[in-house]
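Engineer: for reference, the sequence and a predicted model appear below.
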Amino acid sequence: MFEFMPRGTLLGAVALLAAATAPLTAYAHGRPPVPRGDRLVVTIAHAGRADGTYVLRCHPGSGSHPDPAGACAILDRRTIWGRNPFAPVPRGRMCSMEYGGPATARISGVWAGRPVDARYDRRDGCQVARWNDLVPLLPDVRSWTPPRRTPAGAGGRHG
């Protein structure tokens, strides 16, 4: 009448059945499944035309980011075992007094299964290099030039 199967076989069959029907269940309620994986929100300010908030998904690249393929490619190249591609500049590092402009950025979300909440600016040489290492995820603002200052007395006589 009844045949008994080994416990491992039974559990494996139940797990396989559950995995096979999970996507069908989500669509049965009229909602597509929530995408999983790499998803970043990039907010840019004081960078001119690049200002705004963009969503980036990778593998495959998509979202509202202006260059999802390029942004995902730079992140893939910078994701190295044991190294955080969003790591801040280490404390105590000597940095040049190079000012790269007023642009700021915040990147948040999930990358390579880890939470991300990183802030960027261009206030010194180390921060400029950190920003430039993530172009095109962050906009290329290297052409920014500071406003020209007119030396005192250069434009005519006062008085």
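Structural biologist: Sure, I can see it.

Engineer: quick check: residue 119 touching residue 104?
Structural biologist: Yes - between residue 119 and residue 104 there is a contact at 7.3 Å, judged by Cβ atoms under 8 Å. In short, each C-beta sits where N, CA and C put it, glycine included.

Engineer: comparing these two, which residue is more hemmed in?
Structural biologist: Using other Cβ atoms under 10 Å, the more surrounded residue of residue 119 and residue 104 is residue 104, with 18 against 13.

Engineer: how near is that one to residue 64?
Structural biologist: 19 Å (Cβ to Cβ, to the nearest Å).

Engineer: swap in residue 74?
Structural biologist: Distance from residue 74 to residue 64, by Cβ to Cβ: 17 Å.

Engineer: neighbour count: these two, which is higher?
Structural biologist: Neighbours per residue, other Cβ under 10 Å: of residue 74 and residue 64, the larger number sits with residue 74, 17 against 13.

Engineer: how far does stretch 61-75 stretch from one end to the other?
Structural biologist: End-to-end distance for stretch 61-75: 11 Å, by Cα to Cα, to the nearest Å.

Engineer: ranking helices and strands of the chain by mean pLDDT, which lands last?
Structural biologist: None of the helices or strands of the chain scores lower by mean pLDDT, DSSP states H and E than helix 7-28, at a mean of 48.

Engineer: give the next helix or strand downstream of it.
Structural biologist: Using DSSP states H and E, the next helix or strand after helix 7-28 towards the C-terminus is strand 39-45.

Engineer: that following strand - contacts with which helices or strands?
Structural biologist: Contacts defined by 3 or more Cβ pairs under 8 Å, 6 or more residues apart in numbering; DSSP states H and E place strand 39-45 against strand 52-57, strand 104-111.

Engineer: between the ones you listed, which one is closest to residue 78.
Structural biologist: Within the helices and strands packed on strand 39-45, the stretch nearest residue 78 is strand 104-111; the backing value is 10.0 Å (Cβ to Cβ).

Engineer: in its sheet, which strands sit next to the closest one, and in what direction?
Structural biologist: strand 39-45 (antiparallel), strand 114-120 (antiparallel) (DSSP bridges).

Engineer: so which of the ones you listed is nearest residue 141?
Structural biologist: Nearest to residue 141 among the strands paired with strand 104-111 is strand 39-45 (9.1 Å), distances taken as Cβ to Cβ.

Engineer: so what touches the closest one?
Structural biologist: Identification of contacts with strand 39-45 by Cβ atoms under 8 Å, 6 or more residues apart in numbering yields 50-57, 63, 65, 71, 103-111, 116, 137-139.

Engineer: cool, thanks, talk later.
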